[in-house]
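J.: 3D model of this:
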Amino acid sequence: MSASATPLAVEYVRILPELVLSIFGMAVMVLDPLIDERRNQRTLGNIALLGSLAAIIATLYQSQYPGPGFWNMVNVDAFSVFFHFLVTTVTAIVILTSYDYMEVQQIRAGEYYGLILFGAVGMCLMSSAVELVLIFIALEISSISTYILAGFRRRAAISSEASLKYFLLGSFATAFFLYGVALMFGATGSTSISVISQVLRSGQIPVLAYAGIALMFVGLGFKVAAAPFHIWTPDVYEGAPSPVVGFMSTAPKAAVFAVLLRIMFEANAPGRLWLIWVTAALSMTLGNIGALVQDNVKRLLAYSSIAHAGYLLVAFAALPSGGIPAAMFYTASYAAMNVGAFAVVSHFASAGERYVTLEDYSGLGRRSPLLAATLTIFLLSLIGIPITGGFFAKFYVFSAALQANLVGLVIIGVLNSAIGAYYYLRIIVMMYMREPREEAPVPAAPIGLRAALTLTVFATIYLGILPGGVLEYASRSAAELMRQ
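T.: Sure, this is the predicted structure:
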């Protein structure tokens, strides 16, 4: 863009990734009925992948034009660019893992890829929105897409149940968030995060503000599967298509955590510490205890997701200077290892997702050494073993909490990490130290899946060996965020 670009053009640059994703999403929906059914899986998938890659490029281009846009409703800064890049990258990887899955499960591709792109629009908008009503709209765009995607295995009753349960409970959570926005408007006279921050810092905090923050936290806590708002998670993860679970367990969570960081730190939310302390401790404990007794890998990873939401929330209870960068780094690390883990699960599950129990993974190390080794890397990262991103993610989170003198919360986190190691290692033991009871087929990995797994393994190892660059960028983003 030239220096003589009009202000209107710059405004649209501030939402350029969202525009790109929307255009490609509409293109997928329009072309779906025009393409032969035998060819539309691959063709529409390629269009969706091209759209997600174009959105990544748009995000990098957008970063050259920071600042507010559309009457201060969105703000492009290093913080929003980080989460835009994370969401669009996860979207591209999920699309890559979906190629083979869609053909095996015999699911029509048009609506599927369109909904993934439209969902990503909402998630990207959430990360740059600085106005609560716009955040609510973006949250709904994201949520409606994931409600439908959760029930995409239409021939399976468990998938329809997952979609309905997610929709009903999600609607209640959205109502809590919207009511919290209304109370915050009543307390401060504005729904702009910057104005709310000024009001809350200027004098005595109204009681309505405490109630508003609590209700908004309930709504957002549901979206990130934090206890005690986690009840939906195991059933929905079990019934939803595996690539969709990889998507909804990472990208929407990243966007919601971006919103939480803005509300809790930038808006100087009152009552933040005790609210997050309790939720983090409950999430870590209930998530890990629930995972201990699971025999279904998808349910196990669902409870693991609850526990990791707790670890991440530990950073929210810390001081902004250490807590925000730690939370951003943890979000990136968790996205890489969890999307990768669900990519392996979706490939191994086969038609009808028949092979999803721990027993099915018996002897996988001999039947498919490369696939087993890849899953092992992701599981070791979820534990927090050195040279993986999960190690530094937990290290930075717990370090930030110690700097804020949250010793009790760190002790709970470390104990829960030890508990979590048991059920992750249980999967590894099954793969390498058990004879297969019933030979589950291991199909050859298609090129799309190989590319996705290569990217996620690289990201997981890179963040475990060279975390400095990402952490430095996150620290700079945090400093910029707190100056606003």
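J.: Could you use CA atoms for every contact and neighbour count after this?
T.: Fine.
J.: what sits against the most centrally placed residue in the chain?
T.: Ranked by distance to the mean C-alpha position of the chain (CA atoms, centre = their mean), the top residue is Thr250 at 2.1 Å. The neighbourhood of Thr250, defined by CA atoms under 8 Å, 6 or more residues apart in numbering, consists of 90, 334-335, 338-339.
J.: 7 Å - rerun?
T.: With contacts defined as CA atoms under 7 Å, 6 or more residues apart in numbering, the neighbours of Thr250 are Ala335.
J.: do you know how far Val104 is from Arg426?
T.: Using CA to CA, to the nearest Å, Val104 is found at 28 Å from Arg426.
J.: next one: Ser145
T.: Using CA to CA, one obtains 34 Å as the distance from Ser145 to Arg426.
J.: more crowded one of those two?
T.: Set side by side, Ser145 and Arg426 give different neighbour counts by other CA atoms under 10 Å, the larger being at Ser145 (21 against 13).
J.: Helix or strand next in line after the strand or helix carrying Asn416, which one?
T.: When elements are assigned from DSSP states H and E, Asn416 belongs to helix 407-433. Counting by DSSP H and E, the next helix or strand C-terminal to helix 407-433 is helix 447-465.
J.: mind checking how far the residue nearest to the centre of the chain is from Tyr422?
T.: Between Thr250 and Tyr422 the distance is 23 Å, computed by CA to CA.
J.: same question, Gln62
T.: To Tyr422, Gln62 is 44 Å away according to CA to CA.
J.: His230 now?
T.: When CA to CA is the yardstick, His230 and Tyr422 sit 22 Å from each other.
J.: residues in contact with Leu449?
T.: Contact criterion CA under 7 Å, 6+ apart gives 96-97 as the residues in contact with Leu449.
J.: Low-confidence regions, this structure specifically.
T.: Low-confidence segments of the chain, defined by pLDDT under 70: 1-6, 37-38, 267-272, 351-352, 437-440, 484.
J.: 50 - rerun?
T.: Low-confidence segments of the chain, defined by pLDDT under 50, are located at 1-6.
J.: Pretty sure Met73 is one of the things Ala129 touches, is it not?
T.: Yes - using CA atoms under 7 Å as the test, Ala129 is close enough to Met73 to be in contact (5.9 Å).
J.: before we move on, the earlier item: quick one: which of Gln62 and Tyr422 has more around it?
T.: Comparing Gln62 with Tyr422 by neighbour count (other CA under 10 Å), the higher total belongs to Gln62, at 21 against 14.
J.: so the more buried one sits right up against Tyr12, yeah?
T.: No - Gln62 is beyond contact range of Tyr12, at 9.6 Å (criterion: CA under 7 Å).
J.: thinking again about what came up before, neighbour-wise, which of Ala129 and Met73 wins?
T.: Ala129 (26 against 18).
J.: what's the nearest residue to the more buried one if we skip its chain neighbours?
T.: The shortest distance from Ala129 to any residue other than its chain neighbours is 4.3 Å, reached at Val74 (CA to CA, 6 or more residues apart in numbering).
J.: hmm, who's touching stretch 134-144?
T.: Contact with stretch 134-144 is made by 119-120, 122-123, 125-126, 129, as judged by CA under 7 Å, 6+ apart.
J.: now swap in stretch 61-74 and tell me
T.: Contact with stretch 61-74 is made by 11, 13-14, 16, 75-77, 81, 128-131, as judged by CA under 7 Å, 6+ apart.
J.: quick one: which of those is most hemmed in?
T.: When neighbours are counted as other CA under 10 Å, the busiest of the contacts of stretch 61-74 turns out to be Ser128, with 29 neighbours.
J.: Let me see the contact set for that one.
T.: Ser128 makes contact with 74-76, 80, according to CA under 7 Å, 6+ apart.
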